[in-house]
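Q: Structure of the sequence below:
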Amino acid sequence: MSYFRSFMFACMLGGTLLTSTTTSAALDSLAAATTAKQMISIIDSRIRELMDKAISDADYLLAGALSDLKSVLNAWEETNKAILNDAADKIDKATRDVLFGINDSIDRSIKGVTPPLETANQIADQANQIVESLPTNHRSYVVRYIPRVLPPAAQDSFQVRIRGVNLHRADPKLIVADESVRRSQSSALEAEFTVSMEKFEPDQHRMKIETLNLTYLSDPDGFFKRMFGGKETVHRQINIVHLPVEVAQFHLVAHRQYEHRETDSYRNSMGQFEGRKQRVYKVAKPPQDWKWDLTKPPEAFKTVQGQGVAGRCEGVEWNNSTEEGLRYRARVEERGSVLDRRPGYVNCTIEGPVYRTVPVKEAYPVKADSAEYHVLTWTKDVQIDLPPHTKEVSLTFGVFDQRTRVINNSGSDKFFTVQRSPDSVLVAPIIPKDLML
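A: Here you go, the predicted structure:
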């Protein structure tokens, strides 16, 4: 017995089986059950109810734990056929307590009282309690299998390992799409099958359940039946979670920051230049926040001479000018009669190109070549080139398990990593170890 129990605890990492036998309608309350079969039927109905929710929520851990529990209950039914139609109190107290505990765990999870991960852990513990009560008798039965989840990176085939008791006498057979699967090895405790991936078509976006059919032989109850009646065939279904092709769809926004050069033309009326037989200088300033564009040739700057007497506008002294101001020169003489000499004057205006740099911040969506969003699958990295002047990036993921995740620049999630470099972003899938349980 101790060896069998050790083996069963080791099996807790395996997958599960669902019976193909149609159960009766679930009763309103487990306490109202009058027979052992009714109690199992109620639990079976609650498992299916929570399983539907787990699949809808893409919670593969909870789905796997529920399948595990269902398989263990099937094994319990196989080994307790003699009392299924007896009164419910024929079930030993320890098992009854576990069944009521399972019902409570499922109820609290459906109502949202207990988080899914905590529920999965509770159900795993409760399944192990039932395994502890299974006898090692003459019958063959299957308890668990692996994998619970189809390996996302599997290329051509994957291994299904069935775990149970007395399998060497059971001749287990696995049927997929009406075809028998080759059994690669078998022992008293385990049978292994190689299954082709061609048998399965994953959904692009949603998690789904793949069904494999298992048959095996088991001795009937009763000495004379075993002596003269031969073996009976047990039919089971193996349900494996199949992950979608896409891990996530995501949008990428590049936050760019750079300086934009604006150009214009500006006319500075410097006013009146006045003096006697001399050159007069003024500084022509550009408008506020602008600069004269000295990258342009002198010919781009035009002098407009206005009213004046005995004066002329000569132009810009370029060697003494800067972007902040042009040193402008005019020549003035004297005006008036010999007895009334007065200063000459002239009005000068300079017109020329000016520029300024304006800081620009913009959110720039980086789209995929043929779609509004990028797609990450389980088997291929996605590298995205960034536009010039990108300071930060923001990625918003819609993950297959219905979560929304935002990562800025670099970061990681359970199912992928994001690595930012100066010119690109690399998004790589991660296959968590618990997917392989």
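
Q: Contacts only, for the nearest residue to residue 341 once chain neighbours are set aside.
A: If you skip the residues right next to it in sequence, residue 341 has residue 334 as its closest partner in space, 4.8 Å away by CB to CB, 6 or more residues apart in numbering. No exception for glycine: its C-beta is placed from N, CA and C like everyone else's. Taking CB atoms under 8 Å, 6 or more residues apart in numbering as the criterion, residue 334 is in contact with 276, 277, 310, 341, 342, 343, 344.

Q: Next: residue 282.
A: Residue 282 makes contact with 270, 271, 273, 327, 328, 330, 348 under the criterion CB under 8 Å, 6+ apart.

Q: which among those end up buried?
A: 270, 273, 328, 330, 348 (16 or more other CB atoms under 10 Å).

Q: I'd like the residues you listed written out as JSON lines, with pLDDT, secondary structure and distance to residue 91 added.
A: Compiled in JSON lines, these are given as follows (pLDDT from 0 to 100; DSSP: H, G, I helix; E, B strand; the rest coil; distance: CB to CB, whole Å):
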{"residue": "270", "pLDDT": "96", "secondary structure": "strand", "distance to residue 91": "107"}
{"residue": "273", "pLDDT": "97", "secondary structure": "strand", "distance to residue 91": "114"}
{"residue": "328", "pLDDT": "98", "secondary structure": "strand", "distance to residue 91": "107"}
{"residue": "330", "pLDDT": "97", "secondary structure": "strand", "distance to residue 91": "114"}
{"residue": "348", "pLDDT": "98", "secondary structure": "strand", "distance to residue 91": "111"}
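
Q: I'd like a version of those in JSON lines, one that adds distance to residue 124 as further columns.
A: Converted to JSON lines, the buried ones among the contacts of residue 282 look like this (distance: CB to CB, whole Å):
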{"residue": "270", "distance to residue 124": "88"}
{"residue": "273", "distance to residue 124": "96"}
{"residue": "328", "distance to residue 124": "89"}
{"residue": "330", "distance to residue 124": "96"}
{"residue": "348", "distance to residue 124": "92"}
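
Q: which one among the residues you listed gets closest to residue 389?
A: Using CB to CB, residue 328 comes nearest to residue 389 of the buried ones among the contacts of residue 282, at 37.8 Å.

Q: can you give me the strands for the stretch 251-400 of the chain?
A: Under the criterion DSSP state E, counting those that start in this stretch, the stretch 251-400 of the chain carries strands at the ranges 278-284, 291-292, 302-309, 311-316, 326-332, 334-335, 342-366, 374-377, 382-385, 390-399.

Q: er, the stretch 1-150 of the chain actually
A: Counting by DSSP E, counting those that start in this stretch, the stretch 1-150 of the chain has these strands, from start to end: 17-19, 141-146.

Q: Which of those strands has the lowest mean pLDDT?
A: Sorting the strands of the stretch 1-150 of the chain by mean pLDDT places strand 17-19 lowest, at a mean of 39.

Q: By pLDDT, give me the weakest of the contacts of residue 334.
A: In this model, the minimum pLDDT among those belongs to residue 341 (91).

Q: hang on, the earlier thing: got the contacts of residue 334 as CSV, with neighbour count and distance to residue 318 columns?
A: Formatted as CSV, the contacts of residue 334 follow (neighbours: other CB atoms under 10 Å; distance: CB to CB, whole Å):
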residue, neighbour count, distance to residue 318
276, 14, 27
277, 11, 25
310, 20, 26
341, 13, 33
342, 13, 32
343, 19, 27
344, 24, 25
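
Q: Find the pair from those with maximum spatial separation.
A: Put simply, by CB to CB the two of those set farthest apart are 277 and 342, 12.1 Å from each other.

Q: so where do the helices sit in this protein?
A: With helices called from DSSP state H, the chain shows them at 2-10, 36-56, 60-79, 93-110, 116-133, 223-228.

Q: for the stretch 1-150 of the chain, which spans come out with low pLDDT?
A: Low-confidence segments of the stretch 1-150 of the chain (pLDDT under 70): 1-29, 132-138.

Q: okay, now residue 82: neighbour count?
A: Around residue 82 there are 11 other residues, counting by other CB atoms under 10 Å.

Q: ok, now how distant is it from residue 284?
A: Using CB to CB, to the nearest Å, we find residue 82 at a distance of 110 Å from residue 284.

Q: Tell me the confidence at the closest residue to residue 432 other than its chain neighbours?
A: Spatial nearest neighbour of residue 432, chain neighbours left out: residue 414 (5.7 Å); criterion: CB to CB, 6+ apart. At residue 414 the predicted local distance difference test score is 88.

Q: May I ask which two of the contacts of residue 282 are separated the most?
A: 271 and 327 (15.3 Å).

Q: Can you get me a residue count around residue 260?
A: 9.

Q: Tell me what it is bridged to.
A: residue 358 (DSSP bridges).

Q: Please report how far it lies from residue 362.
A: Taking CB to CB, one finds residue 260 at 10 Å from residue 362.

Q: So for the two, which residues contact both of them?
A: Both residue 260 and residue 362 lack any common contact, where contact means CB under 8 Å, 6+ apart.

Q: so residue 64 sits right up against residue 240, yeah?
A: No. Look at residue 64 against residue 240 with CB atoms under 8 Å: they stay out of range, at 9.4 Å.

Q: more crowded one of those two?
A: When neighbours are counted by other CB under 10 Å, residue 64 comes out ahead of the other of residue 64 and residue 240, with 27 against 23.

Q: now that one, nearest residue through space, not along the chain?
A: The spatially closest residue to residue 64, leaving aside those adjacent along the chain, is residue 148, at 3.8 Å (CB to CB, 6+ apart).

Q: surely the one you found meets residue 242?
A: No. With the criterion set as CB under 8 Å, residue 148 and residue 242 do not qualify as a contacting pair; they are 10.9 Å apart.

Q: Can you pick out the residue with more neighbours from the two?
A: Ranked by neighbour count (other CB under 10 Å), residue 148 and residue 242 place residue 148 first, with 24 against 19.

Q: now that one: how far from residue 193?
A: Using CB to CB, one gets 15 Å for the distance from residue 148 to residue 193.

Q: Around residue 201, how many other residues sit close by?
A: As a burial measure, residue 201 scores 10 neighbours (other CB under 10 Å).

Q: gap between it and residue 214?
A: For residue 201, the distance to residue 214 - CB to CB - is 21 Å.

Q: who's sitting farthest from the centroid in this protein?
A: residue 339 (95.9 Å; CA atoms, centre = their mean).
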